[in-house]
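In: The following block contains a protein sequence and its predicted model.
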Amino acid sequence: MRRKTVLTLFLCGVMINAGFADLSDQLDQGLEYKKAGNYSQAETIYQDIITNNPQSHYAANAKINLARMYKKTGRYSEAETLYQQVLASETGANTAVEAQKHLAILYVATNRDSEAGLIVNELKTGFSGHIDLPGSLNGIARAYQRAGKEIQAKEIYQYIDSEYGGWFYAFAAHKKLVDMGVATETNAGASAAIEQLANKIPHVTNTDVVLPDIGEVLSDINRLVTNYAGYPYLPGIVYRAAQQYYVMASLLEVKGLGSEAEAYYQKAGSIYDVFVSEFSGSASQFPHLAGFAYDFAGSCYKQLGQYQKSIASYQKLANDCPGHPMAWNGLAMIGRNYKLMEKAGVISTTEAQINTKAVYEQLVSNYPDCKAAKMAGSWLNQYK
């Protein structure tokens with residue numbers, strides 16, 4: 001595995017940035033204080049991050065955590081102010097989706113339903129392809145349910161189920177609709193098995209989370225694939241399982257624990273192998289989910305130095321999901337893989353340049369406004 005890596009990710013609510021490991025530790029400590037009910041200590045840590053690192057993503061994350069704590073303790077006005085500050089800053093789509101979600105939940109809790117509804121509509125229209133949107137909408141729907149507002153909850157669950165088919169959140173939304181009596185479950189056995197596996201694999205937010213034995217998880221997944229082939233929510237639970245091991249690997253890498261990180265990348269890769277082999281045709285049915293699965297599988301294989309597998313996964317993203325929000329990244333990462341293969345002596349410089357030229361030309365032609373277009377264009381001008 002390549003050890004020298006810079007990561008900036010926001011996966012399942014986890015901010016990862018290799019340049020600020022000390023701030024990550026501070027955020028973790030603040031969360032521990034919050035969980036223990038030591039709100040004054042947690043507030044001190046969050047305010048310190050906000051004051052001393054005002055432009056960092058960690059400051060935005062600290063504001064969100066602090067606002068959630070304020071909401072819990074009834075300091076609604078202060079919570080709203082913090083969320084609005086995050087949304088007014090240029091912290092990127094990841095943080096914006098997270099802040100919008102929690103602001104909507106605050107509005108639901110304080111009976112400001114029209115304002116909550118506006119946020120839901122803004123999320124649907126402004127962030128329709130975002131990886132965190134299904135989970136964020138699910139969180140808002142659950143807030144409506146807790147408040148006894150079944151109509152609004154039902155509308156959001158139905159939207160998730162119809163627009164994000166295959167995702168685990170679509171499965172969760174469908175189960176809610178079944179419980180509400182507005183949908184039916186077509187395969188109770190598959191539903192129960194997926195829920196059992198989901199409960200077995202905790203949501204990873206820090207390196208203290210204990211994930212189950214990978215052999216046991218793979219056995220469960222293979223049993224699901226064998227027994228319930230064709231069940232529409234099956235790809236989502238496989239993707240969700242892989243993501244938890246991937247997030248753990250990323251968090252360990254940020255902490256400088258390279259060998260431990262590599263072990264978890266291997267585990268994640270073994271689950272992505274199942275997704276790629278079993279759901280290779282899922283892009284036509286679940287393009288949003290499949291695109292992200294191919295993207296993260298490619299990243300995982302690249303981290304492990306399995307460059308050909310990485311290229312194949314990124315190529316599936318580019319070929320099968322050309323309209324996906326990360327399709328451009330697939331092409332950019334194919335080029336990156338060729339450079340890494342050249343550096344490792346796997347291919348010659350000439351072969352690397354020929355292959356990179358072809359993929360960068362495709363990138364610039366198909367996605368001229370993407371984040372990597374300028375880099376690819378500069379490279380092409382250099383290697384004419």
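Out: Here it is on my side, so go on.

In: what number of residues lie near residue 198?
Out: By other Cβ atoms under 10 Å, 17 other residues sit near residue 198. In this view, the C-beta of every residue, glycine as well, is placed from N, C-alpha and C.

In: hang on, it is in a strand, isn't it?
Out: No. According to DSSP: H, G, I helix; E, B strand; the rest coil, the state of residue 198 is helix, so it is not within a strand.

In: gap between it and residue 240?
Out: Distance from residue 198 to residue 240, counting by Cβ to Cβ, to the nearest Å: 7 Å.

In: One more: residue 355?
Out: With distances taken as Cβ to Cβ, residue 355 is found 33 Å from residue 240.

In: ok, back up a step: find residues that contact each of residue 198 and residue 240.
Out: When contacts are counted by Cβ atoms under 8 Å, 6 or more residues apart in numbering, residue 198 and residue 240 are jointly contacted by residue 168.

In: Can you list the residue ranges for helices in the stretch 201-350 of the chain?
Out: Secondary structure of the stretch 201-350 of the chain by DSSP state H, counting those that start in this stretch: the helices cover 214-227, 234-254, 258-278, 287-303, 307-320, 327-343, 349-366.

In: got these as a markdown table, with distance to residue 80 columns?
Out: Formatted as a markdown table, these follow (distance: least, Cβ to Cβ, whole Å):
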| stretch | distance to residue 80 |
| --- | --- |
| helix 214-227 | 41 |
| helix 234-254 | 30 |
| helix 258-278 | 38 |
| helix 287-303 | 31 |
| helix 307-320 | 39 |
| helix 327-343 | 34 |
| helix 349-366 | 41 |
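
In: and of the ones you listed, who's closest to residue 116?
Out: Set against residue 116 and scored by Cβ to Cβ, the helices of the stretch 201-350 of the chain come closest in helix 287-303, at 24.2 Å.

In: Residue 310: neighbour count?
Out: Look at residue 310: counted by other Cβ under 10 Å, it has 25 neighbours.

In: OK, contacts around it?
Out: Here residue 310 is in contact with 298, 299, 301, 302, 333, 337 (Cβ under 8 Å, 6+ apart).

In: I'd say the third one and residue 295 touch.
Out: The one in question is residue 301. No. Using Cβ atoms under 8 Å, residue 301 is not in contact with residue 295, being 11.2 Å away.

In: which residues do the two both contact?
Out: residue 313.

In: just to revisit the earlier point, nearest to residue 180, of the helices of the stretch 201-350 of the chain?
Out: helix 234-254 (20.3 Å).

In: which of the residues in the closest one are buried?
Out: For helix 234-254, the neighbour count (16 or more other Cβ atoms under 10 Å) marks 234-254 as buried.

In: just stretch 191-208 next, same as before
Out: 191, 193, 194, 197, 198, 201, 204, 205, 207.

In: per-residue confidence at residue 18?
Out: Note on residue 18: pLDDT of 39.

In: How about residue 214?
Out: Note for residue 214: predicted pLDDT of 97.

In: ditto for residue 23
Out: pLDDT recorded at residue 23 is 80.

In: Now find how far off-centre stretch 198-217 is within its chain.
Out: Distance, stretch centre to chain centre, for stretch 198-217: 16 Å (Cα atoms, centre = their mean, to the nearest Å).

In: Can I get that stretch as PDB, trimmed to CA atoms?
Out: Output of stretch 198-217 as PDB, limited to C-alpha atoms (Å, rounded to 0.1, in the frame of the first residue of the first chain):
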ATOM      1  CA  ALA A 198     -27.200  -4.100   9.100                       C
ATOM      2  CA  ASN A 199     -27.500  -4.400  12.900                       C
ATOM      3  CA  LYS A 200     -24.400  -6.500  13.000                       C
ATOM      4  CA  ILE A 201     -22.200  -3.800  11.200                       C
ATOM      5  CA  PRO A 202     -22.100  -0.600  13.200                       C
ATOM      6  CA  HIS A 203     -21.900   2.800  11.600                       C
ATOM      7  CA  VAL A 204     -18.200   3.900  11.800                       C
ATOM      8  CA  THR A 205     -17.600   7.400  13.200                       C
ATOM      9  CA  ASN A 206     -14.200   6.800  14.800                       C
ATOM     10  CA  THR A 207     -11.500   4.200  15.300                       C
ATOM     11  CA  ASP A 208     -13.000   2.900  18.600                       C
ATOM     12  CA  VAL A 209     -15.900   1.300  16.700                       C
ATOM     13  CA  VAL A 210     -15.500  -2.500  16.600                       C
ATOM     14  CA  LEU A 211     -16.400  -4.100  13.300                       C
ATOM     15  CA  PRO A 212     -17.300  -7.800  13.000                       C
ATOM     16  CA  ASP A 213     -15.000 -10.500  11.600                       C
ATOM     17  CA  ILE A 214     -14.800 -10.000   7.900                       C
ATOM     18  CA  GLY A 215     -15.200 -13.800   7.300                       C
ATOM     19  CA  GLU A 216     -18.500 -13.700   9.100                       C
ATOM     20  CA  VAL A 217     -19.700 -10.700   7.200                       C
END
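
In: How about residues contacting it?
Out: Here stretch 198-217 has contacts from 12-14, 28, 31, 168, 197, 220, 237, 240-241, 244-245, 247-248, 251-252, 255, 264, 267, 270-271, using Cβ under 8 Å, 6+ apart.

In: on that earlier part again, wait, which of the contacts of residue 310 is closest to residue 38?
Out: residue 299 (36.6 Å).

In: Surely the closest one is in contact with residue 333?
Out: Yes. Applying Cβ under 8 Å as the test, residue 299 and residue 333 come out as touching, 7.3 Å apart.
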